[in-house]
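Q: Just a sequence and a predicted model for now, questions to come.
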Amino acid sequence: MGKRRTYDAEFREGAVRIVLETGKPAAQVARDLGVHEATLQNWVHAARKASESGTGPLEESEREELARLRAKEKEQVKRIVGLGMERVDPDG
């Protein structure tokens with residue numbers, strides 16, 4: 001029996017990125033990288049599943065959108081608090 005090879009997270013992520021971003025078949029990328037085709041297909045499947053469930057790492061555009069939405073929410077909270085303070089009029 002052969003010894004089982006291990007790959008670090010950076011290598012796995014890079015291999016998956018090649019498949020997803022270039023559209024090359026997993027079999028070709030696996031051959032180019034010296035990885036078993038089924039192993040690479042498992043990594044790609046896991047990455048797609050994580051992406052769909054929202055548990056994978058965020059893309060740069062997603063990070064920017066998240067920051068924009070958080071800033072917008074913060075401004076809305078300030079506005080709501082401000083409106084609430086305007087309504088509290090002890091003389092009225």
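A: Received the coordinates, thanks.

Q: contacts, neighbours, all on C-alpha from now
A: Fine.

Q: any idea whether residue 46 is helix, strand or coil?
A: What DSSP: H, G, I helix; E, B strand; the rest coil gives for residue 46 is helix.

Q: burial of it, as a residue count?
A: Residues near residue 46, counting by other CA atoms under 10 Å, number 14.

Q: Run the chain-centre distance for the lowest-mean-pLDDT helix or strand in the chain.
A: None of the helices or strands of the chain scores lower by mean pLDDT, DSSP states H and E than helix 60-87, at a mean of 85. For helix 60-87, the distance from its own C-alpha centre to the chain's C-alpha centre is 23 Å (CA atoms, centre = their mean, to the nearest Å).

Q: For residue 20, give its distance to residue 10.
A: Counting by CA to CA, to the nearest Å, the gap from residue 20 to residue 10 is 15 Å.

Q: Neighbour count: those two, which is higher?
A: residue 20 (15 against 9).

Q: Do you know the pLDDT at that one?
A: If you check residue 20, the pLDDT there is 91.

Q: okay, now the nearest residue to it once chain neighbours are set aside: neighbour count?
A: With CA to CA, 6 or more residues apart in numbering as the criterion, residue 20 has its nearest non-adjacent residue at 7.8 Å, and that residue is residue 44. Residue 44 has 21 neighbouring residues, counting by other CA under 10 Å.

Q: Repeat that for residue 57.
A: Based on other CA under 10 Å, the number of other residues close to residue 57 is 11.

Q: Regarding it, what is its secondary structure?
A: Residue 57 - assigned by three-state DSSP - is coil.

Q: residues in contact with it?
A: Counting by CA atoms under 8 Å, 6 or more residues apart in numbering, residue 57 touches residue 51.

Q: For the helix or strand encompassing residue 50, what does the pLDDT average out to?
A: In the assignment (DSSP states H and E), residue 50 maps to helix 37-53. Mean per-residue pLDDT for helix 37-53: 90.

Q: just checking, what packs against it?
A: If you count contacts as 3 or more CA pairs under 8 Å, 6 or more residues apart in numbering; DSSP states H and E, helix 37-53 packs onto helix 9-22, helix 26-33.
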